[in-house]
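*Asks:* Give me a 3D structure for the following:
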Amino acid sequence: MGSLRITQQLSDFLAYVLIPGLAVILPAATSRRIMARASRWHWFMSAAAGSAFEGASVIVEIDDEASWKKRWKQVELLEVRDLYMMLCGRSRSVLAEVEFMAPAETAKDRVIIGMHWGPSISILKLLQVAKLDPALPYRPPEKQVLRIRPFYYLFSTMAARYMVKTMGNRAIAVGGAGKRLRAMMDQPGSVIVVMDAPPMEGRPTVTAPVLGQSAVFNAGFPEILVKRQKEYVFYAISLQEGDSVLKKLEMEGPFTSDSVEGFLRKYAEFLGRHVASDPSQWRIWHVARQFWVDQD
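*Replies:* Presented below is the predicted three-dimensional model:
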């Protein structure tokens, strides 16, 4: 048990401190090659990758476990590396790695709705550079993680600080954020909402089928969106094929919905299509049992 914990801490130190720290001082192409190579180490991030694989294998069919875990690690490593680089003034290098499949202006003054998908932390900077004034509800890191995984907690804290630094007073901490979110939806600027996290306990929920199984969603945001008849766009920043670990930004829309059911049907199709095509890019498989509510 002690050796497993040492391996976990060593993996976390490499993934959330040393490797992204090196990326800050290396050419971007070199750091991408390091990410690709590190993802092949069987022992590296084995606990996290194993937990993600276990959650995914209940929902989707996976033919090659080793390849799946390798790609999952690439997504996680690139997410951390991009954060470090943007915090250290190298945003231009990060954004240069993103191929735009649709213009960022598609999101202008609309709600932009995503998921815990791909190495997507750069979406805030992409929208900021396009002068679209992004706003985002975010969840501060949970203090109990500090005792168990201190290096991961460090990354989570840095990510939260990055969001606040980038958005200023348009950063919205979850928990009573509904009133501020409603106000921001009536103002100029792009409001980002991520819909696929399991709802907090005690919140009203709605369900919709994702990949043939019933998934649970927070009811509050869809009701606000439909009531205001606000235009929205779906987005995803995805890892491209191969070991270059370059990214692409997709946007679909704009849409409006007349009912919560209609909105959720569209969103569930968007989420399910991505997860089915490349499930290793969904970053929160460890909570799959709380998101899909009718698993066997």
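*Asks:* measure stretch 250-270 end to end?
*Replies:* Its start and end residues considered, stretch 250-270 measures 11 Å (CA to CA, to the nearest Å).
*Asks:* How far does the helix or strand of the chain with the lowest mean pLDDT sit from its chain's centre?
*Replies:* Least confident element among the helices and strands of the chain, by mean pLDDT, DSSP states H and E: helix 178-185 (a mean of 75). Computed by CA atoms, centre = their mean, to the nearest Å, the separation of helix 178-185 from the middle of its chain amounts to 22 Å.
*Asks:* So which residues make contact with that helix?
*Replies:* Identification of contacts with helix 178-185 by CB atoms under 8 Å, 6 or more residues apart in numbering yields 111, 135, 137, 170, 172, 191, 193, 220-221, 224-225, 228, 230. From N, CA and C alone the C-beta is placed, and that goes for glycine too.
*Asks:* Same check on stretch 284-296?
*Replies:* Contacts of stretch 284-296 (CB under 8 Å, 6+ apart): 48, 51-56, 58-59, 116, 196-198, 207, 210, 213-216, 279.
*Asks:* For PyMOL, write the selection for the buried entries among these.
*Replies:* Buried residues within those, by 16 or more other CB atoms under 10 Å, are selected in PyMOL with:
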select buried, resi 48+52+53+55+56+59+116+196+197+198+207+210+213+215+216+279
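*Asks:* Which SSE is immediately downstream of the least confident helix or strand of the chain?
*Replies:* strand 191-194 (DSSP states H and E).
*Asks:* From the contact counts, what lies against the helix or strand following that following strand?
*Replies:* Where DSSP H and E defines the elements, the next helix or strand beyond strand 191-194 is strand 205-210. If contacts are counted by 3 or more CB pairs under 8 Å, 6 or more residues apart in numbering; DSSP states H and E, strand 205-210 sits against strand 213-218, helix 260-277.
*Asks:* Check those for me: which has the lowest mean pLDDT.
*Replies:* When these are ranked by mean pLDDT, strand 213-218 comes last with a mean of 91.
*Asks:* between that strand and helix 178-185, how big is the angle?
*Replies:* Strand 213-218 runs at 90 degrees relative to helix 178-185, counting by axes from the mean of the first three to the mean of the last three CA atoms, to 10 degrees.
*Asks:* got the CA coordinates for the very next helix or strand once past strand 213-218 in CSV?
*Replies:* The element immediately downstream of strand 213-218 (helix or strand, assigned by DSSP H and E) is helix 220-228. What follows is helix 220-228, C-alpha atoms only, in CSV (Å, rounded to 0.1, in the frame of the first residue of the first chain):
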residue,chain,number,x,y,z
GLY,A,220,-31.2,25.3,-13.1
PHE,A,221,-29.2,26.5,-16.1
PRO,A,222,-31.4,24.9,-18.8
GLU,A,223,-34.5,26.5,-17.3
ILE,A,224,-32.8,30.0,-17.3
LEU,A,225,-31.6,29.5,-20.9
VAL,A,226,-35.0,28.5,-22.2
LYS,A,227,-36.9,31.2,-20.2
ARG,A,228,-34.7,33.9,-21.7
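*Asks:* Show me what the helix or strand following helix 220-228 is packed against.
*Replies:* As assigned by DSSP H and E, the chain's next helix or strand after helix 220-228 is strand 232-239. Contacting strand 232-239 under the criterion 3+ CB pairs under 8 Å, 6+ apart are the following elements: helix 65-87, strand 111-114, strand 247-255, helix 260-277.
*Asks:* Highest mean neighbour count across these, which stretch is it?
*Replies:* Highest mean neighbour count among those (mean count of other CB atoms under 10 Å): strand 111-114, with a mean of 25.
*Asks:* Touching the next helix or strand after that strand from outside, list them.
*Replies:* Per DSSP H and E, strand 111-114 leads on to helix 123-129 as the next helix or strand towards the C-terminus. Applying CB under 8 Å, 6+ apart, the contact partners of helix 123-129 are 86, 91, 94-95, 98, 104, 107, 112, 114, 133-134, 136, 162-163, 166-167, 190, 192, 235, 237, 249.
*Asks:* residues of helix 123-129 that come out buried?
*Replies:* Residues 123-128 are the ones in helix 123-129 that count as buried (16+ other CB under 10 Å).
*Asks:* Check the offset of that helix from the chain's centre.
*Replies:* Averaging C-alpha positions (CA atoms, centre = their mean) puts helix 123-129 15 Å from its chain's average.
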